[in-house]
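Colleague: everything below, folded, please.
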Amino acid sequence: MIAILESEIVVIGGGIAGASAALHLAEHGRQVTIIERGEIASEASGLNMGGLGGMGWGKSPDLQSHLTMGSLDIFRRLQLDMGYDIEFRLSGTLQAVQTDEEFDYARNRVKTLTEQCYELALLTPREARAIEPEASPDIKGYVLVSQRGQADPVKATKAFASAAGAQGAKVLTGHGLTGIEQTSDGTYTLATTQGEIHCEHLVVAAGAWCSQVGAMLSLDIPIVAVRGQMWATESLPPSVFHTVSGAESALRWQNDPGNDETNPSDLTHIDGRRMTRHLYGRQRRNGEIVFGGDREAVGYVSNVDPQGIEVNKSHVGEVLPFLKNVPIKRTWSGLMPFPLHGKPIIGRIPQRDNLYVVTGLASSGFGRGPMAGKFVADLLHSGEAHQVLSEADPALFVKEA
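Modeller: Numbers count the residues shown, from 1 in each chain. From the prediction side, this is the model:
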């Protein structure tokens, strides 16, 4: 196979975490190349709902605060300072609270988190309808999280890659990875469908396929591919102004995350049996209303389950009644990287020289990926990991295969 490229750093994966890592590495003045087997944003980073942000920084910002709020700042920079139209908007989120048990959970959670200086509030249905007129008046209440927002997934992910390219990074699409060899001097030779690439440093940002890339290096990266699926209406007049979610699954997963030796936590289905409903969605700038929710570990299978779509649409109708009789125009699905042990995996893999990974962001990869990519870029450039990455250290999770 003929070598087609020499690069100081190669990032495997053209999703939002990989594109952000490449952008920040290029801004550090490093020579970096992204390789992607399909197109930029062709997998989970381009297939999600487009929700982002968190609950604020809080008194003592932890890893979750850094990933969500740090990413929010990067989204702001991409649109407001760098001029990319990614449809970014700090819209806030309304979480529907439908039962007495959910209300007790939501009230206690809001009290605990506001005491830690996070930004959220429990609203009555009347208060919620003042800012989201189509919200149902017939449920217990809503939690407003003001520091959450939305952006277009495809536009945003492509903007990160474009911004990286503008800083000198190479972006190679249609380069399927077929093998990796580490040479005696610690450098890497990557075999792709378009030829060989040689590099000194390697960043694995391959989403749900990180475990497969790890296997090429005889490493066990404990990531499980989890199918998520979505549906959309036709374009409608402006009707939904926040992102919208539900408290049902949050309560379920607090009481029983459902993880075991083979299943990650926070799934809607375990061994084919539904454990809870899950809900998230928004209205896009083009008028489409998009929703989704199911999380099921079915291997590398990304076909749509119509029954799950119907369950989700019924759930949406309870929260936004005007959507009950609006037909579904299209459906789709994708695979998300869920960590088997519940934590993101971000940092240097100690078993190999000059090898880094950013993965395990589960269903929130779009909203947390930009800061995760920046963390890896800063670590590779400086040699020092941010202190909040201690719980995401690959040394805790990645093993020899």
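Colleague: what about Val326, how many neighbours?
Modeller: Number of residues near Val326 (other C-beta atoms under 10 Å) recorded here: 16. In this view, the C-beta of every residue, glycine as well, is placed from N, C-alpha and C.
Colleague: count the neighbours of the residue nearest to it when sequence neighbours are not counted for me.
Modeller: Sequence neighbours aside, Thr233 is the residue nearest to Val326 in space, at 5.1 Å (criterion: C-beta to C-beta, 6 or more residues apart in numbering). Neighbour count of Thr233, defined by other C-beta under 10 Å: 19.
Colleague: what does Thr233 show for phi and psi?
Modeller: Main-chain torsions, Thr233, degrees, to the nearest 10: phi -90, psi 180.
Colleague: got the contact list for it?
Modeller: Thr233 makes contact with 288-290, 323, 326-329, according to C-beta atoms under 8 Å, 6 or more residues apart in numbering.
Colleague: and these, which are buried?
Modeller: Among the contacts of Thr233, those classed as buried by 16 or more other C-beta atoms under 10 Å are 288-290, 323, 326, 328.
Colleague: walk me through the domains of this structure.
Modeller: The chain breaks down by automatic domain parsing into domains covering 3-83+153-222+341-400, 93-146+224-338.
Colleague: pLDDT on the longest one, on average?
Modeller: The average pLDDT for domain 3-83+153-222+341-400 rounds to 96.
Colleague: how about the nearest residue to Glu288 once chain neighbours are set aside, what does it touch?
Modeller: Nearest residue to Glu288, sequence neighbours excluded (C-beta to C-beta, 6+ apart): Ala232, at 4.6 Å. If you count contacts by C-beta under 8 Å, 6+ apart, Ala232 has them with 288-291, 328-331.
Colleague: repeat the analysis, applying 10 Å as the threshold.
Modeller: Taking C-beta atoms under 10 Å, 6 or more residues apart in numbering as the criterion, Ala232 is in contact with 281, 283-284, 286, 288-292, 328-332.
Colleague: kindly report the same for Val316.
Modeller: Here Val316 is in contact with 96, 231, 244, 246, 277, 279-281, 289, 291-293, 323-324, 326 (criterion: C-beta under 10 Å, 6+ apart).
Colleague: swap the cut-off to 8 Å and go again
Modeller: Val316 sits next to 244, 279, 281, 291, 323 when contact means C-beta under 8 Å, 6+ apart.
Colleague: mind giving me the packing neighbours of the longest helix seen in the chain?
Modeller: In the chain, taking DSSP state H as the definition, the longest helix is helix 365-382. When contacts are defined as 3 or more C-beta pairs under 8 Å, 6 or more residues apart in numbering; DSSP states H and E, helix 365-382 packs onto helix 16-27, helix 44-47, strand 51-53, helix 63-76, helix 153-166, strand 195-204, strand 345-348, strand 355-359.
Colleague: any idea where the strands of the stretch 151-300 of the chain begin and end?
Modeller: If you assign secondary structure with DSSP state E, counting those that start in this stretch, the strands in the stretch 151-300 of the chain sit at 170-173, 177-182, 188-192, 195-204, 219-220, 223-232, 243-246, 269-270, 273-274, 280-283, 289-296.
Colleague: wait, which of these is closest to Arg109?
Modeller: Among these, the nearest to Arg109 by C-beta to C-beta is strand 243-246 (13.2 Å).
Colleague: greatest separation within the contacts of Thr233: which pair is it?
Modeller: Applying C-beta to C-beta across the contacts of Thr233, the maximum distance is between Val290 and Pro327, 14.0 Å.
Colleague: state the distance from the closest residue to Pro237 other than its chain neighbours to Pro153.
Modeller: In space, Pro237 comes closest to Gly287 once its chain neighbours are excluded; the distance is 7.0 Å by C-beta to C-beta, 6+ apart. Separation of Gly287 from Pro153 (C-beta to C-beta, to the nearest Å): 17 Å.
Colleague: neighbour count winner among these two?
Modeller: Pro153 (26 against 13).
Colleague: tell me which of the domains of the chain is the most buried.
Modeller: Among those, ranked by average contacts under mean count of other C-beta atoms under 10 Å, first place goes to domain 3-83+153-222+341-400 (a mean of 21).
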